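> curious how this folds, go ahead:
(one chain, ligands or ions: 1)
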Amino acid sequence: MCGIVGYIGKRNSLNILIDGLKRLEYRGYDSVGIAVINDENNTNFFKKAGKVKDVEEEFDREILQGSIGIGHTRWATHGEPNDNNAHPHSDDNRNIYLVHNGIIENYTTIKKKLIIEGFTFSTDTDTEVLANLIEYYFRIKNSIEIAVRLALNEVEGTYGLACICNKEPDKIIIARLGSPLMFGLGKDEIIVSSDAAAIINHTKNVIYLEDGEMAILRRDGFQIKTIQDEDIFREAQKIEFNLEEIEKGGFEHFMLKEICEQPDTVQNTYRGRINFETGLVKLGGLDSVAEKLINAKRIIITGCGTAWHAGLVGEYMLEQYCRIPTEVEYASEFRYRNPIINQEDIVILISQSGETADTRAAMKEAQKLGATTIGIVNVVGSTIAREVDAGTYIHAGPEIGVASTKAFTCQLMSLALITLMIGKNKNTIPDSELMKIASELKNLPEKIQSIIEKRNDYKFIADEFKDSRNFLYLGRGFNFPVALEGALKLKEISYIHAEGYPAAEMKHGPIALIDENMPVVFIAPKDSTYDKIISNIEEIKARRGKIITIANEDDDEIKNYSDYVLRVPKTVPIFAPILNSIPLQFLSYYIATARNCNVDQPRNLAKSVTVE
Ligand code: F6R
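Have a look, this model is predicted:
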């Protein structure tokens, strides 16, 4: 969601904070702000609605001098995105300055209490209430550490926060509950962030705060405590990825870079985990639950958005190849519908970020009900990765573009590996088929690359359809969730309304929408559903809809039914969703760029939704 940075050390903090905010901007980008304590122990700040690059010139570098500071890039929850509501927020006495991710749910109650105490408020935010609450306790206890602790014991909701105090100008206090926060240990300096992306060019030694913990950071050291004031001792961990991996590397957008990385990222997901000759899969992170998985009577998969779509593909895989009844739930609904879960159930949580609030809440609910939880996560060390019973990393590398692309195909690959692992052990996949699948895996990166090499073909189609107001995406079987994902990609980055449907559902209603202005994307590989899909295409054609098909390279017949054909190599059914989703990623990317949309930071969206 929003991004937090902080610096305490010997260097001037401003450039470090601005650089950090730029790296975090993919998380939230409607406003930006910085507060810095100068050598005379006064705090100066600047905040404004807009993106860092637009606002950067307005930072007064003479005034914002100092070696302790905090910064924030915001994705609005309470109060519209304007200058006033941007962080940092201070108390009405300008002693405390606070940047905060998350939501203080009981802020109206606290605000009423503080108004009675004489505090005044000038913004619509919950964060300003927290800043005043900290100041309230500061006036009583005369200690910022105690004031933050007492305030946090009073609030309900979630937070990742960093706080500085004029009257104790030699420290930053940070705390976390439900919103990621970490700090990197440099030489005589500490860099705080909600995301490792803002830390790695300074140091790779990082300490992650856990929920319910706070830390007192000084130039020469730090102390971690729970908000109940118990001491915590924790060693630093090494961050594995480097700066190049989170930079654009010559591509115009992160999204394009990430789509084009997929030959490598998909390979990274299966690398070292499968024996190509025997089809035997070994997922180290699942060793402790392998037996349970193989004998599972029921699997529930949950996640949000793209991760939920991956879960739907997983359902097809697990039911078809392992014969395990599988259900897929929106994580945001899971805990509110009193789910029937028991101790024999396995709940798989899929999350790129590992921080999505709804998915985390689903994990907690499943754990409360006694299920075994398994994570399929990208961000190493993220909350879900740490808190599940067992898990497998997808190894997609940092995904910066807000629209998820490479994480999706790696999630599909992880689900395929889990399927093969179970299927082999349960003997539900014949050895001959398993070996065919395993040997096809070796060809997959090359096949993905062949789609990427044809990406310029999409520009022409994108120009043709960039002004369409609606799109339909249709597929059957494994490719129905791919249709949903294609529609989501188009909606989120080009703002064109798009729907995904199982192709045969058309005639039960949506076919009424078809006329010569409706582009319909069919996912039509040569598989067992091919003939049926052709009939569905005919139904649309008869109503003069415009047909774009995703079809196999050797399928000549398809030209007779399509206005445009996008080619993908043929593969085994379990991997077809991986190949078929890549043309849909390109299609949405090129339509969005033809419409001059900001593909990496679409309006109203944030990369990681850490509020419910
Ligand atoms: C869409 C997209 C979102 C995320 C969803 C879950 O392109 O990125 O729908 O998939 O917010 O995020 P994670 O996977 O981080 O839990």
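
> in the protein, which residue sits nearest the ligand?
residue 305 (1.8 Å; CB to the nearest ligand atom). C-betas here are computed from N, CA, C, even on glycine.

> which parts of the stretch 301-450 of the chain are strands?
Applying DSSP state E, counting those that start in this stretch to the stretch 301-450 of the chain gives strands spanning 326-330, 346-351, 372-377, 390-393.

> return the most buried member of those.
Neighbour counts averaged per stretch over these are highest for strand 346-351, at a mean of 29; criterion: mean count of other CB atoms under 10 Å.

> got the residues of this protein near the ligand?
By the criterion of CB under 6 Å from any ligand atom, the positions of the chain lying close to the ligand are 303-307, 351-353, 356, 359, 403-404, 488, 492, 608-609.

> helix or strand for the closest residue to the residue of the chain closest to the ligand other than its chain neighbours, which one?
Sequence neighbours aside, residue 488 is the residue nearest to residue 305 in space, at 6.7 Å (criterion: CB to CB, 6 or more residues apart in numbering). Here residue 488, judged by DSSP states H and E, is contained in helix 479-494.

> send the alpha carbons of that helix over as CSV?
The C-alpha atoms that make up helix 479-494 are tabulated as CSV, following Å, rounded to 0.1, in the frame of the first residue of the first chain:
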residue,chain,number,x,y,z
ASN,A,479,-8.2,-21.4,-20.0
PHE,A,480,-11.3,-19.9,-18.4
PRO,A,481,-9.3,-18.4,-15.5
VAL,A,482,-6.8,-17.2,-18.0
ALA,A,483,-9.7,-15.3,-19.7
LEU,A,484,-10.5,-13.8,-16.3
GLU,A,485,-6.9,-12.8,-15.9
GLY,A,486,-6.7,-11.3,-19.4
ALA,A,487,-9.8,-9.2,-18.7
LEU,A,488,-8.4,-8.0,-15.3
LYS,A,489,-5.1,-7.0,-17.0
LEU,A,490,-6.9,-4.9,-19.5
LYS,A,491,-9.2,-3.2,-17.0
GLU,A,492,-6.6,-2.2,-14.6
ILE,A,493,-4.1,-0.6,-16.9
SER,A,494,-6.2,0.7,-19.8
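
> output the contacting helices and strands for that helix.
Contact analysis of helix 479-494 by 3 or more CB pairs under 8 Å, 6 or more residues apart in numbering; DSSP states H and E lists helix 305-322, strand 470-475, strand 497-502, strand 519-523, helix 576-594 as its packing neighbours.

> can I get the CA coordinates of the lowest-mean-pLDDT helix or strand in the chain in PDB?
Every helix and strand of the chain was ranked by mean pLDDT, DSSP states H and E. The lowest is helix 52-55, at a mean of 86. These are the backbone C-alpha positions of helix 52-55, laid out as PDB (Å, rounded to 0.1, in the frame of the first residue of the first chain):
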ATOM      1  CA  VAL A  52       7.700  11.900  -6.300                       C
ATOM      2  CA  LYS A  53       9.200  13.000  -9.600                       C
ATOM      3  CA  ASP A  54       6.600  15.800 -10.000                       C
ATOM      4  CA  VAL A  55       7.000  17.000  -6.500                       C
END
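
> from residue 459, how far out is residue 594?
Distance, residue 594 to residue 459, by CB to CB, to the nearest Å: 8 Å.

> neighbour count for these two, which is higher?
Taking neighbours as other CB atoms under 10 Å, residue 594 and residue 459 compare with residue 594 leading, 18 against 15.

> contacts only, for the closest residue to residue 364 other than its chain neighbours.
Taking CB to CB, 6+ apart, and ignoring the residues beside it in sequence, residue 364 has residue 335 as its nearest neighbour in space, at 7.6 Å. Counting by CB atoms under 8 Å, 6 or more residues apart in numbering, residue 335 makes contact with 361, 362, 364, 365.

> again, only this time at 10 Å
Taking CB atoms under 10 Å, 6 or more residues apart in numbering as the contact definition, residue 335 lies against 302, 329, 358, 361, 362, 363, 364, 365, 366, 368, 369, 612.

> okay, now residue 156: neighbour count?
Neighbours of residue 156 under the rule other CB under 10 Å: 12.

> wouldn't it be in contact with residue 105 here?
Yes - judged on CB atoms under 10 Å, residue 156 makes contact with residue 105 at a distance of 4.7 Å.

> now the helices for the stretch 201-350 of the chain?
For the stretch 201-350 of the chain, the helices identified by DSSP state H, counting those that start in this stretch occupy 254-260, 262-270, 290-294, 305-322, 331-334, in order along the chain.

> actually the stretch 401-550 of the chain, sorry about that
In order along the chain, the stretch 401-550 of the chain carries the following helices (DSSP H, counting those that start in this stretch): 406-426, 431-453, 457-465, 479-494, 530-541.

> chain center to the first one, what's the gap?
Its chain's C-alpha centre and that of helix 406-426 lie 20 Å apart, by CA atoms, centre = their mean, to the nearest Å.

> next, the angle from it to helix 431-453.
Angle of helix 406-426 versus helix 431-453, following axes from the mean of the first three to the mean of the last three CA atoms, to 10 degrees, is 170 degrees.

> show me this structure divided up by domain.
Following automatic domain parsing, one gets these domains for the chain: 3-239, 245-449, 454-601.

> which of the helices of the stretch 401-550 of the chain comes out lowest on mean pLDDT?
Between the helices of the stretch 401-550 of the chain, the one with the least mean pLDDT is helix 530-541; it has a mean of 90.

> list the contacts of that helix.
When contacts are taken as CB under 10 Å, 6+ apart, the neighbours of helix 530-541 outside the stretch itself are 472, 474-477, 479, 501-507, 511, 514, 518, 520, 522-527, 529, 545-547, 549, 551-552, 555, 557-558, 560-563.

> same question for stretch 107-117.
Among residues not part of stretch 107-117, those counted as contacts by CB under 10 Å, 6+ apart are 78, 91-92, 104, 119-121, 125-130, 132-133, 135-136, 139, 151, 154-157.

> could you export the strands of the stretch 301-450 of the chain as CSV, including mean pLDDT?
What follows is those, written out as CSV (pLDDT from 0 to 100):
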stretch, mean pLDDT
strand 326-330, 97
strand 346-351, 98
strand 372-377, 97
strand 390-393, 95
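
> nearest to residue 294, out of these?
strand 346-351 (10.4 Å; CB to CB).

> that closest one pairs with which strands, parallel or anti?
The strands that strand 346-351 pairs with in its sheet are strand 299-303 (parallel), strand 372-377 (parallel) (by DSSP bridges).

> okay, angle between the last one and helix 305-322 too, please.
Spelled out, that is strand 372-377. 120 degrees.

> now strand 372-377, how far from the chain's geometric center?
The answer for strand 372-377 is 16 Å, by CA atoms, centre = their mean.

> that strand to helix 262-270, inter-axis angle?
150 degrees.

> got it, and the shortest one?
Using the same axes, to 10 degrees, the direction of strand 299-303 lies 140 degrees away from that of helix 262-270.

> distance between strand 299-303 and the chain's centre?
Averaged C-alpha coordinates place strand 299-303 at 17 Å from its chain's average position (CA atoms, centre = their mean).

> quick one: mean pLDDT for that strand?
98.

> orientation of that strand relative to strand 326-330 in degrees?
Going by the same axes, to 10 degrees, strand 299-303 makes 20 degrees with strand 326-330.

> and the longest one, by the same measure?
Relative orientation of strand 372-377 with respect to strand 326-330: 60 degrees, computed using the same axes, to 10 degrees.

> distance from the helix or strand in which residue 129 is found to the middle of the chain?
Assignment of secondary structure by DSSP H and E places residue 129 within helix 126-141. Averaging C-alpha positions (CA atoms, centre = their mean) puts helix 126-141 32 Å from its chain's average.

> for it, name the packing helices and strands.
Helices and strands touching helix 126-141, by 3 or more CB pairs under 10 Å, 6 or more residues apart in numbering; DSSP states H and E, are strand 89-90, strand 96-101, helix 107-116, helix 144-154, strand 159-165.

> if anything else comes up later, I'll come back, but that's it for now.
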